[in-house]
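Colleague: Provided below are the primary sequence and the corresponding predicted coordinates.
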Amino acid sequence: MNAQVFDPRPCVLGEGPLWHPLRQELFWFDIIACRLLSRQGETTRMWQFDEHHSAAGWVDHDTLLIASETGLWRFDIATGRRDLVAPLEADRSETRSNDGRADRQGGFWIGTMGKRAEPGLGAIYRYYKGEIVRLFDGLTIPNAICFAPNGRIAYFACTKTGQINRQALDASGWPIGASEVFLDLRDAGLNPDGAVVDAEGGIWNAQWGAGRVARYLPDGSFDRAISVGGAHSSCPAFGGADLTTLFVTTAREDILMPDAAQGVVYACDAGMTGLQEPQIIL
């Protein structure tokens, strides 16, 4: 199964796709170029920032929560205004935000990492009801943050380890006990990047360098894969009116002579239904 180009604007590091269910609009980031982009039908927009941004969730029709290298921000879509909600490693110039996603309880998980992917500088935080808490540290490139349909399991990865972990959550969405390895991709030589869960609990994982998104069942067994033209597939998201379209961001980073297939956003009919991204409670 192959995906087609959805938006041809090239990104150095496309990441963080978010389908806004009220607006029927896809948002995504070019982390390295410090941009937020969107497409709503044939209408495209772009917002330029002065620092790296990487992930978002929706608050209401007109507002996003967006993560940057220094904080979580309330973002007004119409005006482009940012208002600080909570600082995020604002005192650490060597790190930036990376993968993130809203959980089923209305919280928001966000990973940080070294700007040069320095080993061990990464962490994962959770913002929930006005408080931001560090959940995991000692990571290098945190990725694959996503949540089971019932909200009681979180998944996350450190791309450098080649493993995706599973973490039990309580009713409020906080971790219970230690995480465990859910999927080990080292022998296959695959690098787990961003991920999303569908309505049946299947985990769709973008795999950096492999030009694909692979679906794994809740027991960890491989189900299927969708190919994209960009070698560095970075993150998937479900969207469209019926949530059956799978959008996939890609990157040009580390490709010496990128062609038009690299760094663009792809889309295809996934043959599965996704889950609406939860509304974030600020």
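Modeller: Cool, got the structure. Please read these numbers as outputs of a predicted model, since none were measured by experiment. Numbers count the residues shown, from 1 in each chain.

Colleague: Okay, strands next: where are they in the stretch 151-282 of the chain?
Modeller: 153-158, 163-168, 180-184, 191-197, 203-208, 212-216, 222-227, 232-239, 245-251, 265-269 (DSSP state E, counting those that start in this stretch).

Colleague: CSV for the ones you listed, including distance to Trp28, mean neighbour count and mean pLDDT?
Modeller: Backbone N, C-alpha and C define where each C-beta goes, glycine included. Shown next, in CSV, are the strands of the stretch 151-282 of the chain (distance: least, Cβ to Cβ, whole Å; neighbours: other Cβ atoms under 10 Å; pLDDT from 0 to 100):
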stretch, distance to Trp28, mean neighbour count, mean pLDDT
strand 153-158, 19, 25, 98
strand 163-168, 22, 19, 98
strand 180-184, 24, 16, 98
strand 191-197, 11, 27, 98
strand 203-208, 12, 26, 98
strand 212-216, 15, 23, 98
strand 222-227, 17, 16, 97
strand 232-239, 8, 28, 98
strand 245-251, 5, 28, 98
strand 265-269, 6, 21, 97
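
Colleague: is it possible to export these to a markdown table including distance to Arg96?
Modeller: Compiled in a markdown table, those are given as follows (distance: least, Cβ to Cβ, whole Å):
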| stretch | distance to Arg96 |
| --- | --- |
| strand 153-158 | 16 |
| strand 163-168 | 22 |
| strand 180-184 | 26 |
| strand 191-197 | 15 |
| strand 203-208 | 17 |
| strand 212-216 | 24 |
| strand 222-227 | 28 |
| strand 232-239 | 15 |
| strand 245-251 | 15 |
| strand 265-269 | 21 |
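
Colleague: of all these, which lies closest to Arg39?
Modeller: Closest of the strands of the stretch 151-282 of the chain to Arg39 is strand 265-269, at 7.8 Å (criterion: Cβ to Cβ).

Colleague: related to what we said a few turns ago, out of the strands of the stretch 151-282 of the chain, the one nearest Trp58 is which?
Modeller: strand 232-239 (11.7 Å).

Colleague: Now do the same contact list for Ile281.
Modeller: Gly106, Gly107, Tyr128, Lys129 (Cβ atoms under 8 Å, 6 or more residues apart in numbering).

Colleague: Now, the residues you listed that are in strands?
Modeller: Per DSSP state E, strands hold the following members of those: Tyr128.

Colleague: Most neighbours among the contacts of Ile281, which one?
Modeller: The most crowded member of these, judged by other Cβ atoms under 10 Å, is Gly107 (25 neighbours).

Colleague: what's the distance between it and Cys11?
Modeller: When distance is defined by Cβ to Cβ, to the nearest Å, Gly107 is 27 Å away from Cys11.

Colleague: returning to that earlier point: among the strands of the stretch 151-282 of the chain, which is nearest Gln40?
Modeller: That would be strand 232-239 among the strands of the stretch 151-282 of the chain, by Cβ to Cβ, at 11.0 Å.

Colleague: CA atoms only: put the closest one into PDB for me.
Modeller: Extracted in PDB, the C-alpha atoms of strand 232-239 (Å, rounded to 0.1, in the frame of the first residue of the first chain):
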ATOM      1  CA  HIS A 232      12.500   9.600   6.600                       C
ATOM      2  CA  SER A 233       8.900   9.000   7.600                       C
ATOM      3  CA  SER A 234       8.600  10.800  10.900                       C
ATOM      4  CA  CYS A 235       5.000  10.800  12.300                       C
ATOM      5  CA  PRO A 236       1.500   9.600  11.400                       C
ATOM      6  CA  ALA A 237      -1.900  11.100  12.300                       C
ATOM      7  CA  PHE A 238      -5.500  10.000  11.500                       C
ATOM      8  CA  GLY A 239      -7.800  12.600  10.000                       C
END
